[in-house]
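# got a structure for you, letters missing:
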């Protein structure tokens, strides 16, 4: 990969991203030397500030009471720092830090009474609290934020009880004194100027260490595990291990704060570590700014001076803390310090200048740096991956059934199939992301049994992957997303990572976060992270989805070059023309098993493959060509487009829905059908264009949507599901009972006679009929059904479509969103073919030649040869 992987003439998205991000920045540039100076200033700022305060304390420049308050503020700041960084980096909010603080303080009292040196006391307190923190982090890693908070709350209550009953050590509720210590520089007593100076110095050291850790892969991996636990596993990061590590470090710092508290106060008692302290610590963390080092200092100062402030204002301290917290959450949700920083940056453009200077410096350093030459084709055999009889079962659902394939070294293999065919489950099995699924069969990768390799070890084994929606770690910059895959980072690693980003056209945005970039650039970043360590196998999950033609061409070039470097590539996607342009071979799957393998042209012409995409016509059902094809519209879209962030889902849609008709909108998965359905329903507003309804009379048009997957309340009974819809429409009393009786007649007898059972206990087809009936409770004039036959048996498909035909005969305008073109041609009066967010064909089954044209439009113009 020594050559550039991007095509400058096609790189408009990069130009737009960088110009939008820097449009408000001044023209003046900053020398790269300023970046290093700024980093050094951040590193030394805490210790230098602490040194100044220490000198003022030891020289007597600060009055004794003020010096005591300053030292107490330092203790609070250390505690808040441990809590703030834990929350910001690991996503864990702890109510257990007062208990860790107490443990550190009581170890200090015990060490003082037994003539321990201060250094030994600090080490023991930090080690003890670190081990306890690791236990809490590991135990809480499997729970939600609420349950972690409850776990740490229970820990605080247990420690409080132990303090009261272990009187030989803690002296119970009477407390215990801290006399003094011997240390490297002699002897001192608690609460004297030396003790206060040590506490302030400890804060300075903690700030410097936190700043150092902020630049290491430790912080990157903690944030990655918090942001995307599943994705983190695929790059070798264990969320459980990161949670334990983060809490262990936080616990160790809290233990240090406990030692410092003992030195400041000279006395340790249980009431100092109540739940009120936990609330105050969290409040001060939020006020100062979660994750902000300066914010932790500000929060500590606030807690130390809060009693004096409350006294001066003649109010109780809880009112002061609570009131300020409420105001901060409403007006300054990010905290005081980060908000002030953003305001200053708005006028100075300091952040933009630093980023520009960092890019300039990185570009200069990366010149001539040789990128990894690829994995190569060396190995124990020609075949890299062998899958035989793979099965993945989730309870009663067989997602993959007896699937088999082989992948040669330096080969591009495309996997195709309709929605629900099992493609994603297949590649998840290769990545180890099957969760609770039961996996059977043989997976051999590079001569080794892949099933014996842990998920977090498969990256190191040589498997990299991307995700359908470019699941990047949003709180990390682009270059940090690439570096997070490493446990240790040297300056040379940073240079190589930047050189890789340069090669894929992301050098200018390397120091920006994913949210600042359009979707196409996020896709490139996902690819760069996947190939950062030259994997032997690269898995690409729908890499072409959501990209425009130029971006797809650039991505295709990336794939070809990666293959030339010796990496094997497995791709799943629905954009067949781009997929087949890079594929050496294609494997088609349906219902979880392999149905065809070969070159792109051979597989696409396979009748079974075409049936799996298009569906099979039901010979028993009669077509509904007698329904209106044109005429008075009930719904119209004019020039409608829609995008999700940088993803263009629909483009220039012009559509008219005739009253009383059945309109079928068909297309492969990812074509934009569900988005179009929500726009027609009105639950989503288009990004561009106009939607218009044409009701009869003065009443608004009533439209009901049955979403894909049915969206039933599965813990509620069938009757309760129908009642929820009725209540939403204001139907109650006698009318509700009458309506329920009428709607129940639409359900099969097996469901109609068991209205009290939960909806989740029904079969898939029965659930679909209940979902349709629930939508009819609103007495709609237009009914939109999204994939009504998905996952149903042929018999239930026939039953569902008989119901749909009956509704149309009653005058309800029906819109079907479906993958099956033959079923739509047989059932619908008008068929609209959607591909990549655009209408590519419109007509009716009665139109001569339309079925053939619709099929061609469904697949698009797919070349007959393999990759160039």
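Everything's here; your move. Please read all numbers here as calculations on a predicted model, not as lab measurements.
# For the rest of this, base every contact and every neighbour count on C-alpha atoms.
Will do.
# give me the element residue 157 is part of.
helix 145-165 (DSSP states H and E).
# What are the buried residues along the helix or strand just after that helix?
Sequence-wise, the next helix or strand downstream of helix 145-165 (DSSP H and E) is helix 167-170. Neighbour-count burial for helix 167-170, counted by 16 or more other C-alpha atoms under 10 Å, picks out residue 170.
# where in the protein is pLDDT low?
Residue ranges of the chain with pLDDT under 70: 1-29, 370-381, 419-420, 548, 613-630, 645-646, 791-796, 861-868.
# Quick test: name the residue nearest the centre of it.
With distances taken as C-alpha atoms, centre = their mean, the residue of the chain nearest its centroid is residue 228 (4.7 Å).
# Just say helix, strand or coil for the closest residue to it other than its chain neighbours.
Leaving aside its sequence neighbours, residue 228 sits nearest to residue 473 (C-alpha to C-alpha, 6 or more residues apart in numbering; 6.5 Å). Here residue 473 is coil, with the state taken from DSSP: H, G, I helix; E, B strand; the rest coil.
# Just confirm residue 473 contacts residue 479, I think it does.
No - judged on C-alpha atoms under 8 Å, residue 473 makes no contact with residue 479 at a distance of 10.8 Å.
# neighbour count winner among these two?
The residue with more neighbours, out of residue 473 and residue 479, is residue 473; 27 against 23, by other C-alpha atoms under 10 Å.
# That one: what's it in contact with?
Neighbouring residues of residue 473 by C-alpha atoms under 8 Å, 6 or more residues apart in numbering: 223, 224, 227, 228, 481, 514.
# Count the neighbours of the second one for me.
Put plainly, it is residue 224. Residues contacting residue 224 under the criterion other C-alpha under 10 Å number 32.
# What helix or strand is it located in?
Using DSSP H and E, residue 224 sits within helix 217-227.
# what does that helix rub up against?
Under the contact criterion C-alpha under 8 Å, 6+ apart, helix 217-227 has outside partners 88-91, 213-214, 232-233, 237-239, 242-243, 246, 473-476, 480-481, 483-489.
# roughly how far out does that helix sit from the chain middle?
13 Å (C-alpha atoms, centre = their mean, to the nearest Å).
# Who are the packing partners of the next helix or strand after that helix?
For helix 217-227, the following helix or strand on the C-terminal side (DSSP H and E) is helix 229-234. If contacts are counted by 3 or more C-alpha pairs under 8 Å, 6 or more residues apart in numbering; DSSP states H and E, helix 229-234 sits against helix 217-227, helix 239-265.
# Compute the distance from the centre of helix 229-234 to the centre of its chain.
How far helix 229-234 lies from its chain's middle: 10 Å, per C-alpha atoms, centre = their mean.
# ok, and for stretch 157-165, which residues are buried?
Across stretch 157-165, burial judged by 16+ other C-alpha under 10 Å covers 159, 160, 163, 164.
# was I right about the third one contacting residue 176?
No - in this structure, residue 163 is not within contact of residue 176 by C-alpha under 8 Å, at 11.0 Å.
# Tell me the residues that contact both of these two, please.
residue 170.
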